[in-house]
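Q: Sequence first, then the predicted structure:
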Amino acid sequence: MVGLPLRTHRRLKPQFEEWVRSLAPALNVRALPSLAENVPQIGPAEINAIRRNASEGYVHIAVVPCRDQGQVRREFLFDCRVAILDLPSDPLGMPWEAMLSGLTRFMEFEERWSQSIAPRDLHHPLLLPPPSFGPEREVQNYWKTCDTYRDTSTLTTANNTLQRVRALHRRMLSGLGSFWLDCRRLRFRIDPTRHGRTPDERQGIQRHRFCFPVPLGFHFDVEHEDSGVFTIRDQVGVIHTLRHANVDPWGSLRGK
């Protein structure tokens, strides 16, 4: 939970810590209050703290409603879950019962999302890079469809969409194994060697994609079905013309 005014955090800290102790051992919860005393606020220092926590596996982020909530979502989009808590409009006078209610609803939905949508292995379609992989029109931007909140009925839509992505794009060939084929006939195949690590990865920093811990060096080998030249867009929107690309789940080209 992030962004609670420091004054409210101090007042509710005993109840919060007692609640955390009552949770199942597998559930780890941290409070990251705002540095501001009287208003919910998330600035650069808080963003850096969220990033450090995420690298340690705290990837379901509950945000106290504030003007900075959009920045948190943009920073961690598709890596972590960023949900806006349903809380009273007055954070300073908020009773513990209201916070507990908001946190409980958040955790219940996140548990359902984790069970039905979150990646469980490296062959999950949510690990494909949105800038680079071209889905068929009927599942266009399925990553956004699966980044759903609050309404449990949307989980069925997201699950059905994932099944359709698999049906449209998953392939298997003798001698090549399994891979993903996008709408431009580009093959995205997992590279088992995991070469071309980023500086952060060489330092052992763990990154996540849809809350799944991505192994260091993980990326896709990308080639056209006809082995010809193709174009591919990277994570910052630059279009590259290549015969072979090493692309990670964020759309970063490695070892170009």
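A: That came in fine, so what should we check first? Predicted, not measured: the structure shown is a model, and the values here were computed from it. Numbers count the residues shown, from 1 in each chain.
Q: if you go through the stretch 151-256 of the chain in chain order, where are the strands?
A: Counting by DSSP state E, counting those that start in this stretch, the stretch 151-256 of the chain forms strands over residues 170-173, 177-181, 186-190, 207-209, 212-214, 220-224, 230-233, 239-242, 245-247, given from the N-terminal end onward.
Q: so what strands line up beside the first one?
A: Taking DSSP bridges as the criterion, strand 170-173 sits next to strand 177-181 (antiparallel) in its sheet.
Q: Let me know the average pLDDT across the partner strand.
A: The average pLDDT for strand 177-181 rounds to 96.
Q: Run through who's touching it.
A: Contact partners of strand 177-181, identified using CB atoms under 8 Å, 6 or more residues apart in numbering, comprise 123, 125, 128, 133, 169-173, 187-190, 220, 225. Bear in mind the C-beta positions are built from the backbone N, C-alpha and C, glycine included.
Q: Give me the pLDDT value at the residue sitting nearest the centre point of the chain.
A: Relative to the mean C-alpha position of the chain, the nearest C-alpha, by CA atoms, centre = their mean, is the one of Asp79, at 2.3 Å. With respect to pLDDT, Asp79 has a value of 98.
Q: Against Arg21, how distant is it?
A: Spatial separation of Asp79 from Arg21 under the definition CB to CB, to the nearest Å is 29 Å.
Q: quick one: terminal-to-terminal distance for stretch 215-232?
A: Terminal residues of stretch 215-232 lie 23 Å apart, using CA to CA, to the nearest Å.
Q: So what touches that stretch?
A: Contacts of stretch 215-232 from elsewhere in the structure, counted by CB under 8 Å, 6+ apart, are 122, 128-129, 132, 180-181, 184-191, 193-197, 201, 204, 206, 239-249, 253-254.
Q: Drop anything exposed from those residues.
A: Taking 16 or more other CB atoms under 10 Å as the criterion, what is buried in the contacts of stretch 215-232 is 128-129, 132, 180-181, 186-191, 196-197, 201, 242, 245-249, 253-254.
Q: still on that earlier bit, and the nearest residue to the residue nearest to the centre of the chain once chain neighbours are set aside, bridged to which residues?
A: Leaving aside its chain neighbours, Asp79 sits nearest to His208 (5.3 Å; criterion: CB to CB, 6 or more residues apart in numbering). Using DSSP bridges, the bridge partners assigned to His208 are Pro213.
Q: my read: His208 touches Arg81, true?
A: No. Counting by CB atoms under 8 Å, His208 sits too far from Arg81 to count as a contact (9.8 Å).
Q: Which neighbouring elements make contact with the top helix by length along the chain?
A: The helix spanning the most residues in the chain, taking DSSP state H as the definition, is helix 96-116. Helices and strands touching helix 96-116, by 3 or more CB pairs under 8 Å, 6 or more residues apart in numbering; DSSP states H and E, are helix 6-22, strand 60-63, strand 81-84, helix 153-169.
Q: Out of the strands of the stretch 151-256 of the chain, flag the one nearest Ser55.
A: Comparison of the strands of the stretch 151-256 of the chain against Ser55 by CB to CB identifies strand 207-209 as nearest, at 7.3 Å.
Q: Can you give the contact residues for that closest one?
A: 54-55, 57, 59, 78-80, 119, 126-127, 200-201, 213-214, 249-250.
Q: circling back: which element follows the longest helix of the chain toward the C-terminus?
A: Tracing the chain past helix 96-116, the next element assigned as helix or strand by DSSP states H and E is helix 142-146.
Q: Tell me the bridge partners for Leu253.
A: According to DSSP bridges, the residues that bridge with Leu253 are Val247.
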